[in-house]
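Trainee: Sequence below, structure please.
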Amino acid sequence: MDPVDLLERIAATLRHDVGPAVGADYPRTQAYMASVVLGKLAGELRAQPAHSRAATAEADALYADLQAAARAGELPRAVVGAVEAAARERSDAHLGRLIEQLYAHRDALGVVRFAALLGRIRQALKARLARELEYSA
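Mentor: Numbering: from 1, shown residues only. Presented below is the predicted three-dimensional model:
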């Protein structure tokens, strides 16, 4: 049996069979809470492959856009280096360093270019956050 299906079945059993059969309030509440937690976990596991594909596509688009911006205009050397490192490594640490470089060279970038580059990064981070919080609501 698929692990996600198993978790969903256990959650349903706790919710429909175990919870109602328990006489004491605290254990009954715990059975229902376990049902909710297992159902949430099953949903997260079911969505994981799609979220992984979306994260990869979003990262590909983000780094392609940042590299295009680095090639298209006069950017400070440190910003170009940070873009290249972030695109190569694709880690949160390197993305953080890129953001630091954007702020460090904010004046040299100008208001419009700074806002465009930082806005593109924020767009990707908001999309990631939305995926990660999908089952928190």
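
Trainee: where does this protein dip in pLDDT?
Mentor: Applying pLDDT under 70 to the chain flags residues 137.

Trainee: Now do the helices in it.
Mentor: 3-13, 19-21, 25-72, 77-89, 92-104, 106-109, 111-132 (DSSP state H).

Trainee: Switch those helices over to a markdown table; also include mean neighbour count.
Mentor: Any C-beta I mention is one placed from the backbone N, CA and C, and that applies to glycine too. What follows is the helices of the chain, written out as a markdown table (neighbours: other Cβ atoms under 10 Å):
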| stretch | mean neighbour count |
| --- | --- |
| helix 3-13 | 15 |
| helix 19-21 | 12 |
| helix 25-72 | 14 |
| helix 77-89 | 17 |
| helix 92-104 | 16 |
| helix 106-109 | 14 |
| helix 111-132 | 14 |
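
Trainee: Roughly how far does the residue lying farthest from the centre of the chain sit from Ala31?
Mentor: Residue farthest from the centre of the chain, counting by Cα atoms, centre = their mean, is Gly23 at 41.1 Å. From Gly23 across to Ala31, the span is 11 Å (Cβ to Cβ, to the nearest Å).
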